[in-house]
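In: Pasting a predicted model and its sequence here:
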Amino acid sequence: MKRTHALLLLVFFLISQSLYAQDKYPGSHQSIQFKRLENTHDLSAGKWGPYSKQYAGISHIPEIRAGVRFDFSVVPGYYRNKIVVPNVLFESGYFPWDFSPDMSAFTYRYELEWKDKVYVDVSYKILDSLTVLASMKCVNATSMPQNVTLNLMAWLGYPDIFPLKSLSRPQGSKWINAADYSSVHYGKQSPKDNLVTDGLMRGEIRDAAYLDGSAIRLGEQTGDKVSYQVNFKSPADGGKLLLVYRLKENRSCNLKITGIANESLLLNGTGALAVKDLQTVLKGDLNGDLIIEVTQGDALELNGVLLSDGKSDAELVDNIRENYPQIISNPQEKHAVLKYKDNPSYYGIAWDSNDFTVREVRNDELDSYFRKLVHNHVDSILNGNNKGHYFNVFIRPVELAPNSERTVSSLICTGTLSQVKERLKKLKTVRGDSAEAYKPVVASTPPDRVLPEGKKYELSQRLLRSTLLSNVVYPIYTQRKYIRHFTPGKWWNSLYTWDSGFIAIGLNEVNSQLATDCLNAYTTPVGSQSAFIHHGSPVPVQMYAFMDLWNKSQSKELLQYFYPRLKQYYGFLSGQLGSSTTGVLRSGILKTWDYFYNSGGWDDYPAQVGVHRQKAEKYVTPVITTAQCIRTAKILRLAAVASGNEKDAASYDKDIRKFSHALQSFSWNMKSGYFSYVRHDAEGRPLGPFNYSDGQDYNMGLDGAYPLFAGICTPEQEDILIEKLFSEQHLWTPSGICVVDQSAPYYQSDGYWNGAVWMPHQWFMWKTMLDLGRADLAFKIAAKGLDVYSREANESYYTFEHFFAKTGRGAGWHQFSGLSTPVLSWFSAYYKPGTVTAGFEVWIKSQKMSRGNSTYEAVIDFDKATSAHKRSILVCMDPSQKYQAAFSGKQLDIKSPYPGLMEITLPASNKEGRLLIKPTF
C-alpha cells in the first residue's frame with residue numbers, strides 16, 4: 001500500500017512538473033547573459049549582421065573598436081534594363097521580409113514588378129563565424145518570360161568620422177587621447193555636465209580633423225583643467241612630452257603643466273592641427289597625474305598627449321582612406337579574394353552561375369552612377385569619381401520561364417588567406433547538390449501559435465518584426481567606443497533615447513537578450529559622468545521596457561543589475577542629481593527644455609511649439625515630464641522593495657506626493673478639462689495656465705491627459721479625461737487616438753504629430769486603461785492600432801512611422817520600427833497563447849504557465865503608492881478550453897471577447913495575492 005501511494009505521488013509530481021514546465025514566462029525566449037553587459041553599450045550580436053548604413057545586405061565587423069566594416073549586397077534587375085539598388089536611406093524597392101529572432105538568417109525582398117509579379121528574395125544564412133550563404137531566389141509570376149540580372153557587390157564601410165590625420169610616432173611611445181582623462185574641471189557649469197548628449201565625455205568634440213576623431217575643448221573660462229593618469233617608463237637618457245592641439249588662426253593660449261612635468265607654455269594657432277614639443281625631459285618610471293590647466297588666452301581644442309623616447313620626432317601625416325582592395329580572382333573557379341588595407345581580414349566571394357563578368361565600380365555611390373552605366377556591358381572597370389570602390393560580380397542573364405523560379409547561390413567568407421581559399425571551395429557542399437537543397441535559405445521564423453482571430457495580422461507582424469531586426473547599424477559612437485545599435489530607421493544613424501526604449505519593448509516580444517542589450521545601451525553604472533545615455537526627447541521609456549521585461553521573466557539578475565542604474569536615471573530626470581535643472585521651479589513641476597526642445601517626442605505639439613516661439617523655456621512647464629516621473633517613481637518603488645532596497649521607498653513616496661500635489665494644485669484646468677502647461681514668474685512661482693492667443697488652454701491634447709497615466713487623478717478628473725480620449729469630438733479619430741484635441745483652434749489635419757496617429761502614446765494609454773480596470777477601452781485602443789497598421793502594411797509592405805488620422809494611410813519613414821513596436825505588444829497580448837499582460841501597477845512576483853497554455857498561476861503584488869482600485873490583467877491561453885479564475889481563493893469574473901483571451905478584473909486591493917486560472921471541467 002505504501003509502495004502504491006509513493007508511486008502515485010511520484011506520478012503526480014512528474015505530471016505537475018510537466019504541467020508547469022515553463023518556469024519562466026514563455027516570451028523570455030532564452031536566459032539573459034548579464035555578465036557581458038558590464039562596461040559596454042554594444043549588442044550581443046554576431047560579427048555578421050545587417051549593419052550597413054548604405055545598401056541592404058550583410059556586413060562583417062572584423063574589430064569592433066575600429067569602426068570599419070565589410071559590406072556585401074545584391075543589386076538585382078532586368079537584363080539591360082531597370083535595376084534595384086537597395087539604399088537604406090530612402091525608399092528603393094526592397095523590403096525586410098523575414099528575420100530569425102537571433103538575426104542568424106534573414107531575407108530581403110526586391111520587387112522588380114509590383115506586386116509580387118517579378119521579384120528576387122535574397123536570403124542570408126550565417127553558417128558560422130567566418131561564413132555566410134546567400135541565396136537569391138528569382139521568381140517570375142507572370143505569363144511572360146523574364147531575363148533577370150544579379151549584381152553581387154562588396155565594399156568597405158568606414159565610420160562617419162574618419163580622421164584626416166594620423167600621428168607618425170616612435171615605437172614604444174604612448175598616446176593618450178584628450179577625451180581619456182581621469183578628471184576634468186570647467187569654470188563654467190552646464191546643465192549637461194551630468195548628461196552629455198550622445199554619451200560623449202564632458203567637453204568632448206568629434207571631428208575628422210582630430211586624431212581618433214575626438215578632442216576636448218578647454219579655455220572658454222580661465223582655470224579650465226584636465227588631468228590624466230600616466231604610466232610610462234622613460235628611457236635612461238630621457239623622454240619627451242608632446243601636445244597635439246588646434247587653435248584658431250592668430251589666437252593663442254597659455255597653459256600650465258603640473259604633475260609628472262612642470263612647465264608653462266604658450267600655444268599659437270594656425271587653424272590646423274599642430275604638435276607642440278615641451279621642453280620637459282622625462283626620466284624614470286612615470287606613474288602619476290599629468291595636469292593641464294588654461295591660465296590665459298583663447299579656447300583650445302586639445303587632441304591629446306604623446307609620451308615618447310625623446311630620440312625620434314612625431315609628425316602628423318595624411319590618413320588616406322584605402323577604398324581599393326587587392327583583388328585575387330579566379331574566374332574559372334568562380335570565386336574571388338579581396339584584401340583591404342584598413343581591414344586585417346581577407347574576404348572571399350564564390351558564386352555558382354556560369355554566366356557572369358567580374359567588374360569594378362570606382363565611384364562613391366551606386367544609386368545614380370550604376371544606373372547610368374546599366375547599358376555598359378563591355379567594360380570591366382567602370383570609372384566614376386574614384387571616391388569609392390565596389391567589387392562587382394555581374395551575373396546575367398538569369399532566364400525565367402513564365403510562372404517559374406530559379407535560385408543562384410553565393411558564399412561570402414572571411415579569415416586568413418588560407419582559410420578563405422579553403423572555404424571558397426565549400427559552396428557546392430553548403431548549397432547542396434539536390435534540387436531540394438538548392439532552394440534558397442529562408443529565415444526560419446514560423447509564427448508562434450496564434451489565435452484564429454489574430455491570423456489576419458500575421459503578415460504585418462512579420463514585416464514589422466523584420467524591420468525591427470533589420471534596423472541595426474554599425475558603427476555608432478558613444479562612451480569612447482563604437483557599438484552596434486538598433487535605430488528607429490537607418491535614416492536616424494544615431495542614438496535616440498525614447499525611440500530606443502520602445503525598440504526594447506518590441507524586442508521583448510522577439511529576443512529577450514537583444515531587448516536587455518538595448519535597455520543596457522541607455523543606462524550607465526552608478527557614479528558615471530552621464531546619468532544615462534541621452535539623445536532627443538527625455539521620455540524614460542527604458543523604465544517601462546524594464547518593467548515589461550521583469551513581468552515576463554521575473555529575473556532577479558535583471559532586477560539587481562538595472563535597479564541602481566534606473567534609480568540614477570530617475571534621479572537626474574526628477575531634478576535631484578548632479579547638474580540636473582529639471583526641478584528648479586518652486587512649483588515643483590518639472591521641465592526638460594535645457595536638454596532637448598521636445599518634451600514628449602511629439603515634434604509639432606502646439607503648446608511645445610508655442611513655448612519655443614515665445615522663448616519661454618525658462619518659465620513654462622509641460623505636464624508629461626512630471627507625470628512620467630510620478631509613474632517611474634511608482635515603478636522604481638516596486639523594484640526597490642523587490643530588490644531589497646526597501647529604504648528607498650520612502651524617498652519615492654515623498655516625490656510622488658510632491659509631484660502629484662504640484663500638478664493638482666497648479667496645472668488642472670477645469671475649464672478645458674485638461675491639465676495645463678503652467679507659466680511661472682522670475683522667482684519660479686506658478687502664475688497660471690499657458691494659453692493660446694485666443695485665451696484657450698494651449699494644452700488641449702495628450703500632454704494634458706498624462707496625469708491619468710500617472711494614476712493621480714480624482715474620480716471626476718478620470719471621467720473627464722477618459723471621455724476626452726474616446727470622444728470623436730476630441731482625441732479619438734477613425735485611426736485611433738491623436739495627440740491634439742480636434743476641437744482645439746490649433747489642431748491641424750496635416751501635421752507631423754498634430755493631426756496624425758502614432759502608436760507610442762497610445763501604448764501608454766492602453767496600459768493606463770488596464771491600470772484603471774477598463775479592459776474594454778484597452779482592447780479598443782489595441783484593436784484599432786492593429787487594424788490600421790496591418791491594413792497599410794498588407795497593402796504597401798511598408799512599416800510606416802505614423803498614420804493620417806482621417807484616412808489611416810501611413811506616412812513618414814517607410815521602414816520604421818522604433819515607436820511602432822507597440823503593435824508587436826498588442827498582437828502578443830491578444831493573440832499569442834502564453835502571453836500575460838498588465839498595466840504599470842501590477843508587479844508579477846512569480847508565474848507558471850502550463851506547457852499547453854491551459855493553466856496559469858502567479859503571485860501578484862501591486863503599486864502601493866496608488867490607492868487600491870480595480871485593475872485588469874490579460875491572459876492569452878489555449879482557445880479550446882473554458883476557464884475559471886480566482887485571486888487568493890476568491891472567484892473572479894472573466895470576460896472573453898473570443899476563445900483564448902481572458903480579460904480579468906482584479907479585486908480593489910493592494911494586498912499581494914495568488915492568481916489561478918484553470919479549465920472548467
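Out: Now that the structure is in, tell me what you want to look at. Numbering: from 1, shown residues only.
In: Next secondary structure after the lowest-mean-pLDDT helix or strand in the chain?
Out: Using mean pLDDT, DSSP states H and E, the weakest-scoring helix or strand in the chain turns out to be helix 2-19, at a mean of 40. Downstream of helix 2-19, the next assigned helix or strand under DSSP states H and E is strand 48-49.
In: Direction included, what does that following strand pair up with?
Out: Sheet pairing of strand 48-49 (DSSP bridges) gives strand 57-60 (antiparallel).
In: quick one: contacts of the strand it pairs with?
Out: Residues from elsewhere that reach strand 57-60, judged by CB atoms under 8 Å, 6 or more residues apart in numbering: 47-52, 69-74, 86, 108, 122, 124, 126, 132, 134, 153, 157, 345, 347, 412, 414, 474. Every residue, glycine included, has its C-beta placed from N, CA and C.
In: Just the ones in strands from those residues, please.
Out: Among the contacts of strand 57-60, the ones falling in strands (DSSP state E) are 48-49, 69-74, 108, 122, 124, 126, 132, 134, 153, 157, 347, 412, 414, 474.
In: Can you verify Gln419 is assigned to a strand?
Out: No - under the criterion used here (DSSP: H, G, I helix; E, B strand; the rest coil), Gln419 is helix, not part of a strand.
In: Not counting its neighbours along the chain, what's nearest it?
Out: Excluding the flanking residues, the one nearest Gln419 by CB to CB, 6 or more residues apart in numbering is Leu130, at 6.6 Å.
In: one step back: which of the contacts of strand 57-60 count as buried?
Out: Among these, those scoring as buried are 47-52, 69-74, 86, 108, 122, 124, 126, 132, 134, 153, 157, 345, 347, 412, 414, 474 (criterion: 16 or more other CB atoms under 10 Å).
In: Give me the mean pLDDT for whichever helix in the chain runs longest.
Out: With secondary structure taken from DSSP state H, the chain has its longest helix at helix 775-796. Across helix 775-796, the average pLDDT comes to 98.
In: need the contact list for Leu731.
Out: Going by CB under 8 Å, 6+ apart, Leu731 touches Gly701, Leu702, Ala705, Lys724, Leu725, Ile737, Cys738, Val739, Val740, Asp741, Gln742.
In: Which of those sits closest to Arg484?
Out: Val739 (32.2 Å; CB to CB).
In: Which pLDDT value goes with that closest one?
Out: What the model reports as pLDDT for Val739 is 98.
In: what does Ala437 give?
Out: 47.
In: What residue spans form the domains of the protein?
Out: Domain segmentation of the chain under automatic domain parsing yields 48-160+322-431, 165-318, 452-831.
In: could I get the ones you listed as CSV with distance to Gly839?
Out: Shown next, in CSV, are the domains of the chain (distance: least, CB to CB, whole Å):
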stretch, distance to Gly839
domain 48-160+322-431, 26
domain 165-318, 29
domain 452-831, 3
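In: What segments of the stretch 401-550 of the chain are strands?
Out: 404-415, 472-478, 481-486 (DSSP state E, counting those that start in this stretch).
In: Turn these into TSV, including distance to Glu301.
Out: Shown next, in TSV, are the strands of the stretch 401-550 of the chain (distance: least, CB to CB, whole Å):
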stretch	distance to Glu301
strand 404-415	38
strand 472-478	18
strand 481-486	21
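In: Save those strands as TSV, and put in mean pLDDT and distance to Phe800 too.
Out: Listed next are those as TSV, based on pLDDT from 0 to 100; distance: least, CB to CB, whole Å:
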stretch	mean pLDDT	distance to Phe800
strand 404-415	97	30
strand 472-478	98	19
strand 481-486	98	18
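In: For Lys165, find the nearest of these.
Out: Among these, the nearest to Lys165 by CB to CB is strand 472-478 (18.2 Å).
In: How far off centre is stretch 58-71?
Out: Between the centre of stretch 58-71 and the centre of its chain there are 19 Å (CA atoms, centre = their mean, to the nearest Å).
In: again with stretch 268-283
Out: Computed by CA atoms, centre = their mean, the chain-centroid distance of stretch 268-283 equals 41 Å.
In: mean confidence for that stretch?
Out: Averaging pLDDT along stretch 268-283 yields 91.
In: Quick check: buried residues in it?
Out: So for stretch 268-283, counting by 16+ other CB under 10 Å, buried means Gly269, Leu273, Ala274, Val275, Leu278, Thr280, Leu282.
In: I'd like these laid out as a markdown table, including secondary structure and distance to Ser353.
Out: Listed next are the buried residues of stretch 268-283 as a markdown table, based on DSSP: H, G, I helix; E, B strand; the rest coil; distance: CB to CB, whole Å:
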| residue | secondary structure | distance to Ser353 |
| --- | --- | --- |
| Gly269 | coil | 59 |
| Leu273 | strand | 49 |
| Ala274 | strand | 55 |
| Val275 | strand | 54 |
| Leu278 | coil | 62 |
| Thr280 | coil | 65 |
| Leu282 | strand | 62 |
